[in-house]
Structure formats: C-alpha cells, structure tokens
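Student: just coords:
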Ligand SMILES: Cc1ncc(C[n+]2csc(CCOP(=O)(O)OP(=O)(O)O)c2C)c(N)n1
C-alpha cells in the first residue's frame, strides 16, 4: 500500500496529470473542494489548462462540447458526492450520444467506503449514481493501479463505442507516493481499430455493387469518416441521409447529400424502396424520426456497420451486420467497389433534389416565420462554423433547414437525452477546443438552467455569440399543450432582461427582432474578447 508522499517520488495526483498529458489531454473542467486539494497540487507545471465552470453540470456539458468539437475525450475533475450528483445529468446526455468523457472524482477514504459514517460529502454508494450512464466505472484501490486504470479508460473511449468513464479516487490516495520518476509513466499506444474479415466486406461490396437503388444512412459514430462516406456515395451513386448527430459529416451541399431529413415522407419512401440500405454507426433511433412516429421500413436488404455489436440489432435486424470501425470498413469497401459513374450520380442527384423539395413542405409545419432566421443564421456561420443548439424552437428548424458543411459542425441536444441548458456550456467547451467559430442557440427557458456558465465564458474571454430565442416561456411545450387542448400551465415564464443580465456578468448583450439584424450582431460578437448574448425577441 502506498504511503503519503514525503520525498522526491511523484504523488498519485502528479502521475495522473502527467499521464493525462501523455494521452493528449490539454484541458480539464472542474470545481475543486477540500477533498480535491491534493489532486490540485498535481496541476501546476503539468501542462493542463484548468477551466472552472460555475456548476458541475456545466463542467460535464463543457467537457461534452469540447469532446464533440475536437473528437478527443472531455475530462472533468469533481469532488465527492454533490460534485458527482450535479454532473450526473450531463454525463447521462454524453452517454446517450456516445461522447467520450473521463470523469475523475474524489470519493471518501478507503476505510470509509460504503460505511455511511456521516463524513463530509459522503455518499455511501457513490458508484450507484453513475452506474446507469457510464461505459466503465472504477474505484482506485491503490495508487499503483492508476496507470493501468487510465490505460483501460482510454482504450475503451478510443476503441469501442465511446461514452463516459468514471474513475473514483479515494482522497487518501491523491498524495500517495508512486514508484519511480514521472517520466517513467507512459500512455498505452492507441489501438488499431477493428475492420472486419474479407468475406464479409466482399459480400457487402457485392450487394452494394449490384444494387440499383442503394441508400446510405449515416449516424454520429461516423464523425471521423466524412471523406470515406462521400467517396462511397459517389461510387454507389447513392443518396446519403444523416441523423442529427451526423449532420455535416457529408457536406450538405453535396449533390448526393439529402441532409438530416429522416423524419419526412419522401426520404422514408426512398429508404423503404431501396434495394440495399447501408446504415453506418447509427442507432436508427426514434428521436431522428420523431415526426414520422414510426420505425423505418426496409423493403430491400439492410447492411449495418457499427463498432458496437449490440447496436447492429438496435431498432432493426440487419441482413448483414459488420462489427468494426466505420472508417476502416468504408475504406475497405471503397477499395473493392468500381469507380463512380458521373451519369448515374447526376440521375440520383436530380431525384434527390425532388425528394428534398418535398421535405420542405413538411419541415416543422406552422413555423414558416422562423425560416428567415434560419437563412440569416446560415449566412452568419462561416464555412467551418460550429452550431451548438439546445431544445428550442428555432433549433427544430435549423436541424433540417440549415445546411452544414463539415464533420463536427452540429452539436445538439435536440435529440436523444434532450437536456435543457446544454447549449451554453457545450458552446463554451466547443469554443475552448480549437479555433473554429462557434454559435450557441438556446431558448429563454433553457438558458436559465446553466446561466452561471456565462461567467466562465467571460473569464475565458471567449468571442462567443449566444443566441437566446426569447418567446417568454417553454414555447414548444406551450404549443403542444394548445395542440392537445390542455390548458396552459407552467409554460409562461417571467423572463429576465437578458441584455442587462449579460452586461452584469461582464459579457456584451444586444436585442434584435429582425433576421436581417442577425449577421452584424454575430460578426460584432466575434470581434470581442467576451461573449455576447444576442436576445431574439419573438413576437
Ligand atoms: C432538463 C429538462 N427539463 C424539461 C424538459 C422538457 N422541455 C423540452 S423543450 C422545453 C421548452 C424549452 O423552452 P425554451 O428553452 O424557452 O425553448 P422554446 O421551446 O421556448 O423555444 C421543455 C420544458 C427538458 N427537455 N429538459
């Protein structure tokens, strides 16, 4: 068992920070407490940047936005008990969307575990909290275990279906002495990802090569294979339809891209009438087809590709299931298939244009007044811009009607777990992850869940426009109540003056009510060294 650090040997906390750097982590999101003082002793000189949110839910949403924008795991440092329970909702959102997230939390001393002695922050079975939404959990039993535990955590996030990993470190272990020197501790190499055997690829290539009306469905697990998916579409002359998590993986201006329109009847018919559908890294989940309110129908053969064998039978059994990394599989398929046929591609794109025209009639009926805002937002967003959206009415339109051009451009909670308050901290995390311009979009209801994170964004001097769609209430739920003839209750809100509020935080604020004002408001926001809350007042 390790003793408390006394000499020149590194502490467990120092080895942790050092190893995180070795695994290419550069940013951690956390709120320290008495339990994690010795964790933070390891931080100076480690090369890690620490970002301080104002609530642990904000920490995990920031880590999530960081991970979605960068493709690297987002990392949180949390205290025992309330730190973990506060982060739980955002961890569950990441689990629902298969986002890699490493949560390092404290837990009470080893001799107290499970005892319920009334210690500070004590939750006798803390792991039970995160059990439902982690791909792996572990409580460190000795400091020496740390390198192996971290290696396993990163292997799972890099090589399988990603999601949150929760590592609890008992507070007596943070200062524990570790053997050797820091430089002795090295990251495990990233594994080569599984492709699949030649026979299976040959069968898939044969079915696809012979198909007259193939279709490609792309899900969020295909973020790293935009080029391969585009090449496959061109070789097959197949239309590509993307889930909302996949939006932008194939450039939505590409003539073979049918956007994120899986709910709409023309697309559904095209899928049903395909002789072969290849569904890549997608759950085929309800939330992408929620307007259609029924499962997909496949009239022909279904090929599914997924890194997770369980997902191969989620919502539909395939005729051929390929368990492997989407990029590796698509690369092999593209090698096997013949070159693209420009005439066939033209014919598919002409047919697709008609289908998408039909979808436009179905796009979120009754919301026509919002389309000029979608148009203005598209014009305001640069080629490589990232749009981060909450569950707010304008986002239900941008989902379908705002084309995106690059992978990792669409970060949204409008599908899946659907947690209000996501977009502000997730936009902060995305903005911190690199140099791509980010716009956040959130409702007047949603922003109140995580408003405090505006302070973190001010502190980080982020040039970040946050659009607040202010319809004085939980607008979408109000509309649903009206539609269902339920008397409006709990949906009309007293909202604050968001412009004054932004200024009180040290951010900038402005109010607009016409789409033509949006472009200059966003452009102005990117020139500042502080976030700008752009309140859109909805009549
Ligand atoms: C944590 C959480 N609580 C409740 C809901 C249910 N819900 C979904 S949309 C919505 C309304 C959101 O209002 P607002 O953010 O103002 O956006 P609007 O619909 O008005 O555009 C609510 C309450 C939710 N998705 N998440």
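Tutor: In hand now; what should we look at? Computed from a predicted structure; not experimentally measured. Numbers count the residues shown, from 1 in each chain.

Student: Show me which residues of the one helix or strand residue 536 maps to are buried.
Tutor: Secondary structure here is read from DSSP states H and E; on that basis residue 536 sits in strand 532-537. Of the residues in strand 532-537, those with enough neighbours to count as buried (16 or more other C-beta atoms under 10 Å) are 532-536. Bear in mind the C-beta positions are built from the backbone N, C-alpha and C, glycine included.

Student: Please name every helix or strand in contact with that strand.
Tutor: strand 465-470, helix 498-504, strand 508-512, helix 518-527 (3 or more C-beta pairs under 8 Å, 6 or more residues apart in numbering; DSSP states H and E).

Student: Close to the ligand: what parts of this structure are there?
Tutor: 391-393, 418-420, 443-446, 469, 471, 473-477 (C-beta under 6 Å from any ligand atom).

Student: Could you spell out the sheet neighbours of the strand holding residue 536, each with its direction?
Tutor: Paired neighbours of strand 532-537 in the sheet (DSSP bridges): strand 465-470 (parallel), strand 508-512 (parallel).

Student: Dump the ones you listed into CSV; add mean pLDDT as well.
Tutor: As requested, these are arranged in CSV below (pLDDT from 0 to 100):
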stretch, mean pLDDT
strand 465-470, 98
strand 508-512, 98
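
Student: Pick the most buried one from those strands.
Tutor: Highest mean neighbour count of the strands paired with strand 532-537: strand 465-470, a mean of 27 (counted as mean count of other C-beta atoms under 10 Å).

Student: Can you report phi and psi for residue 505?
Tutor: Note on residue 505: backbone dihedrals following degrees, to the nearest 10 are phi -80, psi -10.

Student: Pretty sure it sits against residue 456.
Tutor: No: using C-beta atoms under 8 Å, residue 505 and residue 456 do not qualify as a contacting pair, with a distance of 9.9 Å.

Student: ok, those two, which is more surrounded?
Tutor: Under the neighbour definition other C-beta atoms under 10 Å, residue 505 and residue 456 were set side by side, and residue 456 has more, 26 against 21.

Student: so which strand or helix has that one?
Tutor: Short version, using DSSP H and E: residue 456 is in helix 453-459.

Student: and what of residue 65?
Tutor: When secondary structure is defined by DSSP H and E, residue 65 falls within helix 56-70.

Student: Please enumerate residues in contact with the helix or strand following that helix?
Tutor: The helix or strand immediately downstream of helix 56-70 is strand 74-78, counting by DSSP H and E. With C-beta atoms under 8 Å, 6 or more residues apart in numbering as the contact definition, strand 74-78 has outside contacts at 20, 25, 27-32, 36, 39-40, 50, 56, 59-60, 62-67, 84, 86-87, 94, 99-106, 429.

Student: List only those of those residues flagged as buried.
Tutor: Neighbour-count burial (16+ other C-beta under 10 Å) applied to those gives 20, 25, 27-32, 36, 39-40, 56, 59-60, 62-67, 84, 86-87, 94, 99-106, 429.

Student: Helices - which of those land there?
Tutor: Among the buried ones among the contacts of strand 74-78, the members falling in helices are 20, 39-40, 56, 59-60, 62-67, 84, 86-87, 94, 429 (criterion: DSSP state H).

Student: Could you report the neighbour count for residue 338?
Tutor: The local packing count at residue 338 equals 9, with neighbours defined by other C-beta under 10 Å.

Student: Three-state assignment for it, please.
Tutor: coil (DSSP: H, G, I helix; E, B strand; the rest coil).

Student: quick one, strands of the stretch 201-350 of the chain?
Tutor: Remark: strands assigned in the stretch 201-350 of the chain by DSSP state E, counting those that start in this stretch are 215-218, 240-242, 276-280, 301-306, 320-323.

Student: Can you tell me how far the spatially most central residue of the chain is from residue 360?
Tutor: Centroid-nearest residue in the chain: residue 68, 4.4 Å away (criterion: C-alpha atoms, centre = their mean). Spatial separation of residue 68 from residue 360 under the definition C-beta to C-beta, to the nearest Å is 28 Å.

Student: from the protein, which residue is nearest to the ligand?
Tutor: Distance from the ligand to each residue of the chain (C-beta to the nearest ligand atom) is smallest for residue 443, at 2.4 Å.

Student: hang on, isn't that residue packed against residue 389?
Tutor: No: with contact defined as C-beta under 8 Å, residue 443 does not reach residue 389; the gap is 9.9 Å.

Student: Need the buried residues of strand 532-537 in TSV (columns: pLDDT).
Tutor: What follows is those, written out as TSV (pLDDT from 0 to 100):
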residue	pLDDT
532	98
533	98
534	98
535	98
536	98
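
Student: what's the closest non-adjacent residue to residue 412?
Tutor: Nearest-residue entry for residue 412: residue 389, 4.5 Å, with adjacent residues in sequence omitted and distances by C-beta to C-beta, 6 or more residues apart in numbering.

Student: now residue 42, what's its secondary structure?
Tutor: Of the three states, residue 42 takes coil under three-state DSSP.

Student: okay, it: pLDDT?
Tutor: Reported pLDDT at residue 42 in the predicted model: 86.

Student: Check the contact between it and residue 11; I expect there is one.
Tutor: Yes: counting by C-beta under 8 Å, residue 42 touches residue 11, with 6.3 Å between them.

Student: start to end distance for stretch 183-191?
Tutor: Taking C-alpha to C-alpha, to the nearest Å, stretch 183-191 runs 22 Å from one end to the other.

Student: Kindly report the same for stretch 521-536.
Tutor: Distance across stretch 521-536, first residue to last, is 11 Å (C-alpha to C-alpha).

Student: quick check, nearest of the buried residues of strand 532-537 to residue 499?
Tutor: Closest to residue 499 out of the buried residues of strand 532-537 is residue 535 (5.9 Å), distances taken as C-beta to C-beta.

Student: For stretch 197-205, give me every contacting residue.
Tutor: For stretch 197-205, the external contacting residues (C-beta under 8 Å, 6+ apart) are 195, 278, 303, 320, 322, 329, 332-333, 336-337.

Student: least confident pick among the residues you listed?
Tutor: Taken together, the contacts of stretch 197-205 show their lowest pLDDT at residue 195, with 81.

Student: check contacts around the nearest residue to it once chain neighbours are set aside.
Tutor: Across the structure, with C-beta to C-beta, 6+ apart as the measure, the residue nearest residue 195 apart from its sequence neighbours is residue 328 (3.7 Å). Taking C-beta under 8 Å, 6+ apart, we find residue 328 in contact with 193-196.

Student: Okay then, goodbye and thanks.
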